[in-house]
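> predicted coordinates and the sequence they were generated for:
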Amino acid sequence: MPGVRSHSLACLSKTGFHRVAYRELGPGDAGPAHPVPVVCIHGLARNARDFDALAAVLAAAGRRVICVDIVGRGDSGWLRDPQDYAYPQYLADMVALIARLDCEQVDIVGTSMGGLIGMMLAAQPDSPLRRLVMNDVGPFIPKAALERILDYVGGDPRFSGLAAAEAYHRKIYRGFGALSDAQWRHLTETSLRRDGDGWRLHYDPGIARPFREAEPADVDLWALWDRVACPVLVLRGAESDLLLPETAAEVARRGPRAEVIEVPGCGHAPALLEAAQTQSLRDWLAGE
């Protein structure tokens, strides 16, 4: 993508430092037209490149956009102890990133895990979050959806070529919606790393270990949700098994009383590649 600047920062876990990579788009040296940067945080087994389309739209509107690779994914480093792949570490890394950005406030767009990271940050006293978008995730996650995700996250398949890798991604991520061939190819190519003559997924398989070693159960984070004070927009894939209709109705009723938009033709989670999705987020994030 033209105008992308690649950066990284050193963050700390209990076993030492690790590298967190991020991509930045926006006005650059001329200074942002909007004083609040947008930080985009991906899902559990995804990476910063999921936000290529959204970042381009936001940057064209004068926003400074930061797309981060959560540790263990994409161009970021891997943790020495896989048990550290958990929200306390992710929150600490995001606090370090926000400090690096040298800003008073941030907006966050988070898909699935990224949305939960944003919610947890927003629930803290004196949070710097101005606005939060949660893409197909809420404060209640049913056990069945987690079990479905754990069927594939943490796997380490090898692909002899891009065609086989694309077929895998079309199957695993069919909830992203009816994407074009070009979109599926882009999503596939940005999700892989070279392995000799073939390809592997661009993450540490250890990211799933804490989930696999815990007893499967529903996740209830309503107490955190009720502490969020900033405006929240929740996107829900109309066929999602992770953000249930009753959860979407409840987030509109309590806590920050989120605005909820249902995205037709998607499950978990809308890919944020279609113009209708990226433009609606651009317009909502432009609010006060």
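Thanks, I have the structure now.

> other SSEs contacting the longest helix anywhere in the chain?
Longest helix in the chain, counting residues (DSSP state H): helix 87-101. Applying 3 or more CB pairs under 8 Å, 6 or more residues apart in numbering; DSSP states H and E, one finds that helix 87-101 contacts strand 5-13, strand 16-25, strand 38-41, strand 65-68, helix 113-122. The C-beta positions use only the backbone N, C-alpha and C, and glycine is treated the same way.

> do you know which of these lies nearest residue 92?
With CB to CB as the measure, strand 5-13 is the member of the helices and strands packed on helix 87-101 nearest residue 92 (6.8 Å).

> for that closest one, buried residues please.
For strand 5-13, the neighbour count (16 or more other CB atoms under 10 Å) marks 9, 11, 13 as buried.

> I'd guessed the second one sits against residue 18; true?
Yes - Residue 11 lies in contact with residue 18 (CB atoms under 8 Å); the separation is 5.8 Å.

> what touches both of the two?
Residues touching both residue 11 and residue 18 (CB atoms under 8 Å, 6 or more residues apart in numbering) are residue 71.

> residues in contact with stretch 200-207: which ones?
44-45, 47, 72-74, 78-79, 82, 85, 153-159, 190-194.

> what's the ChimeraX syntax to select whichever of those residues are buried?
Per 16+ other CB under 10 Å, the buried members of these correspond to this ChimeraX selection:
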select :44,45,47,72,73,74,78,79,82,85,153,154,159,191,192
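
> what's the spacing between the closest residue to residue 82 other than its chain neighbours and residue 159?
Nearest residue to residue 82, sequence neighbours excluded (CB to CB, 6 or more residues apart in numbering): residue 206, at 3.3 Å. According to CB to CB, to the nearest Å, residue 206 stands 20 Å off from residue 159.

> got any ranges where this protein has weak pLDDT?
Scanning the chain for pLDDT under 70 picks out 1-2, 28-33.

> dead centre of it: give me the residue that sits there.
residue 42 (1.8 Å; CA atoms, centre = their mean).

> contacts only, for it.
Counting by CB under 8 Å, 6+ apart, the residues that residue 42 touches are 48, 50-51, 67-70, 73, 110-114.

> now, which of these sits nearest residue 264?
Nearest to residue 264, judged by CB to CB, of those is residue 111 at 17.7 Å.

> what's opposite that closest one in the beta bridge?
residue 135 (DSSP bridges).

> thought it was touching residue 46?
Yes - Residue 111 lies in contact with residue 46 (CB under 8 Å); the separation is 7.0 Å.

> which of the two has more residues huddled nearby?
Under the criterion of other CB atoms under 10 Å, the comparison of residue 111 against residue 46 puts residue 111 first, with 28 against 25.

> ok, the nearest residue to residue 285 once chain neighbours are set aside - contacts?
Counting by CB to CB, 6+ apart, residue 285 lies nearest to residue 107, which is 5.5 Å off, once chain neighbours are set aside. Taking CB under 8 Å, 6+ apart, we find residue 107 in contact with 36-39, 129-133, 285.

> what about these, which are in strands?
If you go by DSSP state E, the contacts of residue 107 have 38-39, 129-133 in strands.

> tell me the one of those nearest residue 58?
For the ones in strands among the contacts of residue 107, the nearest to residue 58 is residue 38 (5.6 Å; CB to CB).

> quick check: beta-bridge partners of the closest one?
residue 65, residue 107.
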